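Participant: turn this into a structure:
(one chain, ligands or ions: 1)
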Amino acid sequence: MRVAIIGQGYVGLTIAVGAASAGHSVIGFDVNPALVDQLNAGKSHIEGISDKDLGSFISSGTYAASADASVLDDSDVIVIAVPTPLDDQRNPDLSYVHAAAELIQKSVKSPALIVNESTSYPGTLRKEIAARITGVDHLYASSPERVDPGNTQWGTKNTPRLIGGLTPTAVAKAREFYDSFCDSIIEVSSPEVAEAAKIFENTFRQVNIALVNEFAQIANALGISGREVLDAAATKPYGFMPFNPGPGVGGHCIPVDPSYLAHVANQVGVPATFIKRANEVNLAMPAYVVKRVIAGSGGSIKGKKVVVVGVSYKSNVADTRETPAAAVIDLLREQGATVTWHDDLVATWRGESSSPITGADIAVVVTKHDGVDLAAIKACGYVFDCTGSIAGVDGI
Ligand SMILES: NC(=O)c1ccc[n+]([C@@H]2O[C@H](COP(=O)([O-])OP(=O)(O)OC[C@H]3O[C@@H](n4cnc5c(N)ncnc54)[C@H](O)[C@@H]3O)[C@@H](O)[C@H]2O)c1
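Facilitator: Take a look at the predicted model:
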């Protein structure tokens, strides 16, 4: 099939490589010309996609990136994989999805299967994409992406894929496409069900992470180890699923997607109270971390040198979107500390560069990548570990 993918970020490039590996002829379209040049030079910007694999698809002619929208026409399949962030009021910002629909409206004159993989609320495919594209008889399906960057066990191939279409023909065509590089396809009765399933999955995580974050604070105040309690509870073979406490939630999904559900819930008059409360708890975690660091450092961190270790939102990825490290650093600085940060995967961020761990009075480990220098962390006067993975130090 001739496949065009709109957006070559984490999701779009992952799907591009999946489709190319199945032998489809793939064009990765992106509005960022620097990214397009980088990809065409065989340089991947995503963990899990090697330069070697990308280069081999480019040289075999199965993949090319482009910033020219005319490449979208004459495709069998067009996949939309663009950002779906929140605006300043934490409401859904569908401007990228609308821009993708406008591109298709302008540039695509031959009928294609149009699949939306971007995460959004139920009704997006039907009302925000299909309704904006007129004059050509396209097929429309929703197949929300479930990729978990950095996860070596579950990837595009073996994570079951949901498909909901506007028509049975759209579902059949989408099945044919995804069958070529995914092990398991699950058809649902409408795109709205597929869209809602994706945001409910991430809401489930957001709410449970908030629950465990609140519990960790209760356990600490009770003088017991929250992590030991969780390990003990997890020995129950049924009815319990462990989640880990931490400094908050980050990335493009968990802090964002539940607010898409809350937005539509509000529109239909059902308050999404769990989402609201979970946001409050998770967003307050950086303040809790800083409170504990101050308590553990004798009541003040004024004038102390603090290194925050790991600023990406989770281990072994370089993604700093919505990372709680930002609030942790800002709050530490508000308390008068001199704060640097260290991250082997993030060279520069917020106009600052990664600094060495050594020489700090206090190390606050927000995210722990494999291979981080544990000896250097432990050599700091006081260590606060948000990851629960460094033995013998203070932490959540
Ligand atoms: N990152 C994840 O782990 C993940 C997992 C599942 C689902 N999702 C969802 O997938 C969607 C994409 O997320 P992502 O992480 O890949 O985002 P990203 O920011 O990594 O990539 C998006 C890309 O789209 C490009 N873009 C923006 N507007 C465009 C347009 N009009 N035309 C062409 N390209 C355009 C950007 O330049 C960027 O390269 C979002 O809805 C997200 O919620 C993300």
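Participant: got a list of what whatever residue of the stretch 251-396 of the chain ends up closest to the ligand touches?
Facilitator: Residue nearest to the ligand within the stretch 251-396 of the chain (CB to the nearest ligand atom): His252, separated by 4.5 Å. For the C-beta atoms, the positions are set from N, CA and C on the backbone; glycine is no exception. Residues in contact with His252, defined by CB atoms under 8 Å, 6 or more residues apart in numbering, are 10, 83, 85, 319, 321-322.
Participant: which one is Leu166 nearest to, not counting chain neighbours?
Facilitator: Leaving out its chain neighbours, the residue that sits closest to Leu166 by CB to CB, 6 or more residues apart in numbering is Tyr140, at 4.4 Å.
Participant: now Ser184
Facilitator: Ser184's closest residue in space is Pro160 (CB to CB, 6+ apart), at 4.2 Å.
Participant: and the stretch 151-300 of the chain, which residues reach the ligand?
Facilitator: Contacts of the stretch 151-300 of the chain with the ligand, taken as CB under 6 Å from any ligand atom, map to 252-253.
Participant: can you pull out the strands in the stretch 151-300 of the chain?
Facilitator: Secondary structure of the stretch 151-300 of the chain, counting by DSSP state E, counting those that start in this stretch: strands at 161-165, 185-187.
Participant: which secondary structure element is home to Phe384?
Facilitator: strand 382-385 (DSSP states H and E).
Participant: partner strands of that strand and their direction?
Facilitator: Here strand 382-385 is paired, per DSSP bridges, with strand 362-365 (parallel), strand 394-395 (parallel).
Participant: any buried residues in it, and which?
Facilitator: If you call a residue buried by 16 or more other CB atoms under 10 Å, then strand 382-385 has these buried ones: 382-385.
Participant: what lies in contact with it?
Facilitator: Strand 382-385 has contacts (CB under 8 Å, 6+ apart) with 289, 292-293, 296-297, 361-365, 368, 377, 390, 393-396.
Participant: repeat for stretch 349-357
Facilitator: In contact with stretch 349-357 (CB under 8 Å, 6+ apart) are residues 307, 309, 311, 320, 326, 340-344, 346-348, 363, 373, 376-377, 380.
Participant: could you redo the last one with a cut-off of 10 Å?
Facilitator: The contact list for stretch 349-357, computed with CB atoms under 10 Å, 6 or more residues apart in numbering, reads 307-309, 311-312, 318, 320, 323, 325-326, 329-330, 339-348, 363, 365, 372-380.
Participant: re earlier: intersect the contacts of His252 with the contacts of the ligand.
Facilitator: 10, 83.
Participant: most neighbours among the contacts of His252, which one?
Facilitator: Tyr10 (25 neighbours; other CB atoms under 10 Å).
Participant: quick one on the thing from earlier: near the ligand too, which of the buried residues of strand 382-385?
Facilitator: Among the buried residues of strand 382-385, the ligand is touched by none when using CB under 6 Å from any ligand atom.
Participant: in TSV: those, plus pLDDT.
Facilitator: Below are the buried residues of strand 382-385 laid out as TSV (pLDDT from 0 to 100):
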residue	pLDDT
Tyr382	97
Val383	98
Phe384	98
Asp385	98
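Participant: return the member of these nearest to Ser180.
Facilitator: Nearest to Ser180 among the buried residues of strand 382-385, counting by CB to CB, is Asp385 at 44.0 Å.
Participant: who touches the closest residue to the closest one other than its chain neighbours in this structure?
Facilitator: Leaving aside its chain neighbours, Asp385 sits nearest to Gly395 (3.5 Å; criterion: CB to CB, 6+ apart). Residues in contact with Gly395 (CB under 10 Å, 6+ apart) are 216, 220, 226-227, 245-247, 289, 292-293, 296, 364-365, 383-389.
Participant: let's see it at 8 Å
Facilitator: 365, 383-388.
Participant: any chance of those in CSV with distance to Pro122 as columns?
Facilitator: Conversion of the contacts of Gly395 to CSV gives the following (distance: CB to CB, whole Å):
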residue, distance to Pro122
Val365, 38
Val383, 45
Phe384, 41
Asp385, 39
Cys386, 34
Thr387, 35
Gly388, 35
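Participant: farthest pair within these?
Facilitator: Val383 and Gly388 (12.6 Å).
Participant: ok, residues contacting the host helix or strand of Ile78?
Facilitator: Under DSSP H and E, the secondary-structure element containing Ile78 is strand 77-80. Applying CB under 8 Å, 6+ apart, the external contacts of strand 77-80 come out as 1-7, 12, 15, 24, 72, 97, 100-101, 104, 108, 112-118, 129, 173, 177.
Participant: among those, name the ones in helices.
Facilitator: Using DSSP state H, the subset of the contacts of strand 77-80 located in helices is 12, 15, 97, 100-101, 104, 173, 177.
Participant: columns pLDDT on top of those, output as CSV?
Facilitator: Compiled in CSV, the ones in helices among the contacts of strand 77-80 are given as follows (pLDDT from 0 to 100):
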residue, pLDDT
Gly12, 97
Ile15, 96
Val97, 98
Ala100, 98
Ala101, 98
Ile104, 98
Lys173, 98
Phe177, 98
